[in-house]
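Undergrad: Give me coordinates for this.
(one chain, ligands or ions: 2)
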Amino acid sequence: MAEPRKILTLNAISARGLARLPEHYTVGGDIADPDGILVRSANMHDMDIPATVRAIARAGAGTNNIPVKKLSERGVPVFNAPGANANAVKELVIAGMLLAARNIVPAISFVEGLTGSDEEMHKATEAGKKHFAGTELPGRTLGVIGLGAIGSYVAEAAIKLGMDVVGFDPAITVDAAWRLPSQVKRAENVEDVLRMADFVTLHVPLLDATRNLINAQRIGAMRPGAVLLNFAREGVVDNVAVIEALDANKLHAYICDFPANALKGHAKVVALPHLGASTEEAEENCAVMVAEQLADYLENGNILNSVNFPNVSMARESAYRIAVANANVPNMVGQISSVLATAGLNIHNMLNKSKGDMAYTLVDVDSAATDAVMQQLSAITGVLAVRYLPAA
Ligand SMILES: NC(=O)C1=CN([C@@H]2O[C@H](COP(=O)(O)OP(=O)(O)OC[C@H]3O[C@@H](n4cnc5c(N)ncnc54)[C@H](O)[C@@H]3O)[C@@H](O)[C@H]2O)C=CC1
Ligand SMILES: O=C(O)CCC(=O)C(=O)O
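TA: Ligands and ions are numbered 1, 2, ... in the order given. The predicted model follows:
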């Protein structure tokens, strides 16, 4: 019989995604001793993550709200949903460019402030509309910083709208590079993008290397009257430097997904409530993807789309599977094999892969492993987590 599993949800997760979890899973927002956690943007850095947790699944792209390093030390994979919400973010970025180019938000505020009779309003409209005249997108240059799932979609959409696109990504993946239209020009660094672009959009993860990526000095390198769009993370942009640049008419507008006191009430700022991925489609895509990944990990030990562990997948050919998360150091496979051999367990199939400091080993053996064997595996220096996964 399948072992009962408990999944704690820290945010609302699309019902279609939750429906992908096996029937023997109990899911809820108030669950003790969970085997796994499903999360969106909830901040987990100060959370006491129970020792029972074997995996965390982020129904989205960014994992900066999750203490990935601490979880790696416990041998716990963090899954995400690469690309599953990219179209939703792309659409909001295009909307953001149009909002800025056509001065739509200040124009709406102007209309909301009109008073008097219809005739008086019409007169004020015709007199006032010149203040909101805008520009069109074709022929303008969009600079894209970060050409992953979202950045490459945005670049493609902008080309279709008749824009020129220049992009920078020091670690672009082969898949993303294939997706990019040939018209996208390659910049050698951030400054090149800033120098060439009328609109600059950011699509990088929040890392030490990207914190305050756009600061006063870099804004100084931007074209006068440029528009900055940030649908990545708040910490990627120095809000104070942005406000100074808007006040000095250096920047035309700042369109972002991250409200903050420094930005509040500024006429040239449009701050949305972290809405990039908030579409029915994106919420469902993300939830389905991570629910399937989480269940396959908990049931079979297979790993797909973990940010801290390699992809590892092995078809089941025996009823007895052992999964070992370990540090990526020499002689781990040798020591694991030796424990199994000493216990008289024949290895039917074995797969070991690594990613950075982490490694992961799946072993199918021909007969049942005892608790004593599992304890011996756990005791190997460098082994971080061991699970026994007999077929249900
Ligand atoms: N506003 C929202 O609701 C959403 C925001 N996001 C944010 O957008 C970020 C990007 O998402 P995806 O495109 O799906 O991720 P992705 O992982 O597909 O792409 C990120 C790209 O940024 C590049 N990169 C990293 N450091 C860089 C640097 N210093 N300069 C230039 N490029 C750099 C990487 O090489 C990668 O190609 C996420 O990490 C998340 O923070 C993602 C989804 C929704
Ligand atoms: O789940 C959300 O609404 C936030 C999405 C996001 O920021 C991400 O996927 O990185």
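
Undergrad: The longest helix belonging to the chain close to ligand 1?
TA: Taking DSSP state H as the criterion, the chain has its longest helix at helix 280-300. No. Counting by CB under 6 Å from any ligand atom, ligand 1 has no neighbours in helix 280-300; the shortest distance is 7.8 Å. Yep, even glycine has a C-beta here, placed from its N, CA and C like the rest.

Undergrad: how about the least confident helix or strand in the chain by mean pLDDT: buried residues?
TA: Sorting the helices and strands of the chain by mean pLDDT, DSSP states H and E puts helix 174-179 at the bottom, at a mean of 90. Residues 176, 179 are the ones in helix 174-179 that count as buried (16 or more other CB atoms under 10 Å).

Undergrad: Burial check on Leu194, number of neighbours?
TA: By the criterion of other CB atoms under 10 Å, Leu194 has 23 neighbours.

Undergrad: shouldn't Thr210 be in contact with Val236?
TA: Yes. Here Thr210 lies in contact with Val236, judged by CB atoms under 8 Å, at a distance of 5.3 Å.

Undergrad: can you list residues touching both of the two?
TA: Val204 (CB atoms under 8 Å, 6 or more residues apart in numbering).

Undergrad: Those two: which is more packed in?
TA: Neighbour tally, Thr210 and Val236, criterion other CB under 10 Å: the higher count belongs to Val236, 23 against 20.

Undergrad: who are the neighbours in contact with that one?
TA: So Val236 contacts 202, 204, 206, 210-214, 230 (CB under 8 Å, 6+ apart).

Undergrad: Quick check: Leu92 touching Val270?
TA: No. In this structure Leu92 lies outside contact range of Val270 using CB under 8 Å: 10.8 Å.

Undergrad: and stretch 128-148, does that touch ligand 1?
TA: Yes. Stretch 128-148 reaches ligand 1 (CB under 6 Å from any ligand atom) through 145-148.

Undergrad: between Leu92 and Val270, which one's more packed in?
TA: More neighbours surround Leu92 than the other of Leu92 and Val270, with 23 against 20 (other CB under 10 Å).

Undergrad: Need the phi and psi values for the more buried one.
TA: phi -70, psi -30 (degrees, to the nearest 10).

Undergrad: The one 4 residues further on too?
TA: According to degrees, to the nearest 10, the main-chain angles of Gly96 amount to phi -60, psi -40.

Undergrad: what about it, how many neighbours?
TA: If we define neighbours as other CB under 10 Å, then Gly96 has 25 of them.

Undergrad: In contact with it, which residues are there?
TA: 201, 229, 231, 255, 270 are the contacts of Gly96 under CB under 8 Å, 6+ apart.

Undergrad: partner residues bridging Ala325?
TA: Judged by DSSP bridges, the bridge partners of Ala325 are Tyr360, Ala385.

Undergrad: Alpha carbons only: can I get stretch 111-122 in PDB?
TA: Provided in PDB are the C-alpha atoms of stretch 111-122 (Å, rounded to 0.1, in the frame of the first residue of the first chain):
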ATOM      1  CA  VAL A 111      -9.600  62.200 -16.700                       C
ATOM      2  CA  GLU A 112     -10.600  61.100 -13.200                       C
ATOM      3  CA  GLY A 113      -9.900  64.700 -12.000                       C
ATOM      4  CA  LEU A 114     -12.200  66.300 -14.500                       C
ATOM      5  CA  THR A 115     -15.200  68.100 -13.100                       C
ATOM      6  CA  GLY A 116     -18.200  70.200 -14.300                       C
ATOM      7  CA  SER A 117     -20.700  69.600 -17.000                       C
ATOM      8  CA  ASP A 118     -20.000  67.300 -20.000                       C
ATOM      9  CA  GLU A 119     -19.400  70.300 -22.100                       C
ATOM     10  CA  GLU A 120     -16.800  71.600 -19.600                       C
ATOM     11  CA  MET A 121     -15.200  68.200 -19.400                       C
ATOM     12  CA  HIS A 122     -15.000  68.000 -23.200                       C
END
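
Undergrad: Most neighbours among the contacts of Gly96, please name it.
TA: Neighbour max across the contacts of Gly96 (other CB under 10 Å) = Thr201, 31 neighbours.

Undergrad: which residue sits closest to it in space, ignoring its chain neighbours?
TA: Leu229 (4.2 Å; CB to CB, 6 or more residues apart in numbering).

Undergrad: from the protein, which residue is nearest to ligand 2?
TA: Residue nearest to ligand 2 within the chain (CB to the nearest ligand atom): Gly60, separated by 2.5 Å.
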